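Enquirer: Sequence first, then the predicted structure, then my questions.
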Amino acid sequence: MLAKRMPKWQNEMNNFKGIKSTFIIEGNIIDDYPWYPQDDNPEAPPEFCPLNRVIANIFNSGTTEGFYNIQFCDPLFGFSDPLNFNNAAEMVRLFDEKVEETLKEVQAINSKGRAENHSGAKMVRNSEIIRTSMTQRAASGGETQPQKSIVNVINFASRFLSAPDSMSADETTFFLNLLYASNNAIRGNKYKNTLVLVVNKVNDIPAWFFLDNPNVRMISIPNPDRAVRIAYIDKYFNMFKENVTPETEKAHRKFIDLTEGMKTAELGELRRLKDTLDIPTDEIADVVAIYKYGIKDKLWEQIRNTLFSINIEERIERRVKGQSEATKKIVQVVKRAVVGLSGLQHSSGTKPRGILFLAGPTGTGKTEIVKTLTELLFGDERALLRFDMSEYTAEHADQKLFGAPPGYVGYDNGGQLTNAVKSNPFSILLFDEIEKAHPNIMDKFLQILEDGRMTDGQGNTVYFTETLIFFTSNVGISKEEHDPITGKVIGRTCIVSPGEPYEDIKSKVEDAMSVYFKPEIINRIGRNIVVFNYTSESVSKQIVDMQITRINDNLRKESKINVVFEGSASEYLYGLCLDDEPRKHGGRGIGNVIEERYLNLLAEFVYDNDCREGDTITVKSENNELFFGKE
């Protein structure tokens, strides 16, 4: 019964105790963990206790007398007795030749709870004691002779060294002693002596210590899963047991979902925060919002009230022409995000508000549609958090987004993305041309897309639950051509082109994306891939008219100069912009033509003819050429 109720990592450690001589524990190492009483009552709630206590319980479970003596060591205190076993000094007496000196240090630590700086000499000496206790019988006999096997628990083991790839002589000696202890552990009685190293991440200690070492078992502690959170909440959140109503039961279920990814220590802080703020139990979701973002989650409700009287599709089509299929799909996801129904089919309620992958030809309005939505939702398109992924092509570019790990350049600055979301938890994120980013970055996005959170380089959890995330990509539109001899890129060949049926373009783009991006990414995006079409001839004409009107209106507003545009001039520009080459580049290609063949000529005419406020300029076309006149 005990094994069935144990969390997986505890069960794994319990199965391999006495078999493996060394465990390396990483992950969620600073928390409280469930320990289920060893009785026949399957309904008995667990006790929640720190890691040292759980380790001791695992090694001594199944007997009233226990199998092991346990001693603890860390970089600050050296040998200590955090669980009051009263055996730390006894272990030193048995295995240290310099008994008196080291024993006084241990006794001082046990009585005062502090120690002097752990110098290199002391660090090496303590590793020698550990090595001896693991590999030799005690030097003294009689009543002090240990009758049990020994477990050495090394807390904060990675803090015994400055960096695993540049260790000092003392640091190397320390881990060599531990390696010797791991490889030569004896049996104190019928159970093998054991070494337990507790680290934040396994790569914080030298790789030569654990690689290809059959004596080592890696144990990774995850954040509490749903079952553990329920057990903790049911045990300590008494407010859900008092005055039970349909509202409090609903709040209880939502609270469990909203705390996805949180540690039990954070759940305890939520309980104290609720009591401090005196928030009613049926509004406990507000406590989670305050804990995560510093404010109550009301912004999306305000956005919903603002958008209720707005035709979103119509507003988008004012700025983005000819993409009705894409616009309809995007608006569906935005409406779902605004009313808070995203991710309801998932067990977790912590996914981002919405995720959309906009694919298709360049210049067709992918970025423009995101800007339009940002203006509609937040009142200003400058509220968009935009990241040009062509700036993140290097191998370690993920550190720019998520923050460098401790000890690396830029650690104090945090990550550009995580800093932005911490400052603006309610936001729209745009990752432009995501295919240009290094693959490491896409791997990082997996956690954001699934769990709505990311831990930055400084160890802070950043929540993406209230963000609306857009990716854009040109994958599937063209492919690189390589020199057959050198392998260098010599150009690009179009896979799709203007005039193809939209369904054919959509199919080709989706097939290309499924090859280019990992299945995990595609699965998390699901059916939220929106393929944009090339601009048709009629739409291209609308874009020409829109850009010409924008130029003329801006000239009238800024310089009080009117422009009269004759139909012949429009037809001339239509002809230029309807060629295949401009249309391949969509609105951007048309804009380039308008700039070169109209705006530059207009500016030259205004300058050469000293056009001033109140003047009128006429524009017409003759013999495939634009002519300007001043009235």
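Expert: Received, thanks.

Enquirer: any low-confidence regions in the stretch 151-300 of the chain?
Expert: 297-298 (pLDDT under 70).

Enquirer: Please identify the buried residues of stretch 490-499?
Expert: For stretch 490-499, a neighbour-count test (16 or more other Cβ atoms under 10 Å) marks 495-496, 498 as buried. In this view, the C-beta of every residue, glycine as well, is placed from N, C-alpha and C.

Enquirer: ok, now which residue in this structure is the farthest from the centroid?
Expert: Residue farthest from the centre of the chain, counting by Cα atoms, centre = their mean, is E631 at 61.1 Å.

Enquirer: C-terminal to the helix or strand of the chain with the lowest mean pLDDT, what's the next element?
Expert: Least confident helix or strand, the chain: helix 99-112 with a mean of 49, by mean pLDDT, DSSP states H and E. Next in sequence after helix 99-112, counting helices and strands by DSSP states H and E, comes helix 120-135.

Enquirer: Can you list the helices and strands that that next one packs against?
Expert: With contacts taken as 3 or more Cβ pairs under 8 Å, 6 or more residues apart in numbering; DSSP states H and E, helix 120-135 sits against strand 68-74, strand 78-80, helix 88-95, helix 99-112, strand 149-154, helix 169-183.

Enquirer: repeat that with 6 Å
Expert: Helix 120-135 makes packing contacts with helix 88-95, helix 169-183 when contacts are defined by 3 or more Cβ pairs under 6 Å, 6 or more residues apart in numbering; DSSP states H and E.

Enquirer: Extract the C-alpha trace of it and format it as CSV.
Expert: Taking C-alpha atoms only, helix 120-135 is exported to CSV below (Å, rounded to 0.1, in the frame of the first residue of the first chain):
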residue,chain,number,x,y,z
GLY,A,120,39.1,24.2,1.6
ALA,A,121,40.9,22.2,4.3
LYS,A,122,37.8,21.5,6.2
MET,A,123,35.9,20.6,3.1
VAL,A,124,38.5,18.1,2.1
ARG,A,125,38.7,16.7,5.7
ASN,A,126,34.9,16.2,5.7
SER,A,127,35.0,14.4,2.4
GLU,A,128,37.6,12.1,3.9
ILE,A,129,35.3,11.3,6.8
ILE,A,130,32.5,10.5,4.4
ARG,A,131,34.8,8.3,2.3
THR,A,132,36.0,6.5,5.4
SER,A,133,32.5,6.0,6.7
MET,A,134,31.4,4.6,3.3
THR,A,135,34.3,2.3,2.7
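
Enquirer: How about residues contacting it?
Expert: 73, 78, 95-96, 150, 152, 170, 173-174, 177, 180-181, 184-185, 193 (Cβ atoms under 6 Å, 6 or more residues apart in numbering).

Enquirer: elements contacting the lengthiest helix in the chain?
Expert: Scanning the chain for the helix with the most residues, using DSSP state H, yields helix 537-559. Secondary-structure packing of helix 537-559 (3+ Cβ pairs under 6 Å, 6+ apart): helix 567-577, helix 586-594.

Enquirer: if you average pLDDT over it, what comes out?
Expert: Averaging pLDDT along helix 537-559 yields 89.

Enquirer: Show me which positions of it end up buried.
Expert: Quick answer for helix 537-559 (16+ other Cβ under 10 Å): 539-541, 543-544, 546-548, 551-552, 555.

Enquirer: Distance to T418 added to these, as JSON lines?
Expert: Listed next are those as JSON lines, based on distance: Cβ to Cβ, whole Å:
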{"residue": "V539", "distance to T418": "39"}
{"residue": "S540", "distance to T418": "41"}
{"residue": "K541", "distance to T418": "45"}
{"residue": "I543", "distance to T418": "37"}
{"residue": "V544", "distance to T418": "42"}
{"residue": "M546", "distance to T418": "38"}
{"residue": "Q547", "distance to T418": "38"}
{"residue": "I548", "distance to T418": "43"}
{"residue": "I551", "distance to T418": "40"}
{"residue": "N552", "distance to T418": "44"}
{"residue": "L555", "distance to T418": "43"}
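
Enquirer: hang on, the earlier thing: what does the pLDDT read for the residue farthest from the centre of the chain?
Expert: Value listed for E631 in the pLDDT field: 81.

Enquirer: How about the contacts made by it?
Expert: T616.

Enquirer: Also N223?
Expert: By Cβ under 6 Å, 6+ apart, the contact set of N223 is 28, 261, 263.

Enquirer: same thing but at 10 Å, please
Expert: Neighbouring residues of N223 by Cβ atoms under 10 Å, 6 or more residues apart in numbering: 27-28, 31, 229, 260-264, 266, 451, 453, 455, 461.

Enquirer: So among these, which ones count as buried?
Expert: Burial by neighbour count, 16+ other Cβ under 10 Å: within these this picks out 27-28, 31, 229, 260-264, 266, 451, 453, 461.

Enquirer: Just give me the neighbour total for the spatially closest residue to V462 that is not a sequence neighbour.
Expert: Sequence neighbours aside, T418 is the residue nearest to V462 in space, at 4.5 Å (criterion: Cβ to Cβ, 6 or more residues apart in numbering). Residues lying near T418 (other Cβ atoms under 10 Å) number 21.

Enquirer: Return the closest of the buried residues of stretch 490-499 with respect to E622.
Expert: Of all the buried residues of stretch 490-499, E622 sits closest to P498, with 28.8 Å by Cβ to Cβ.
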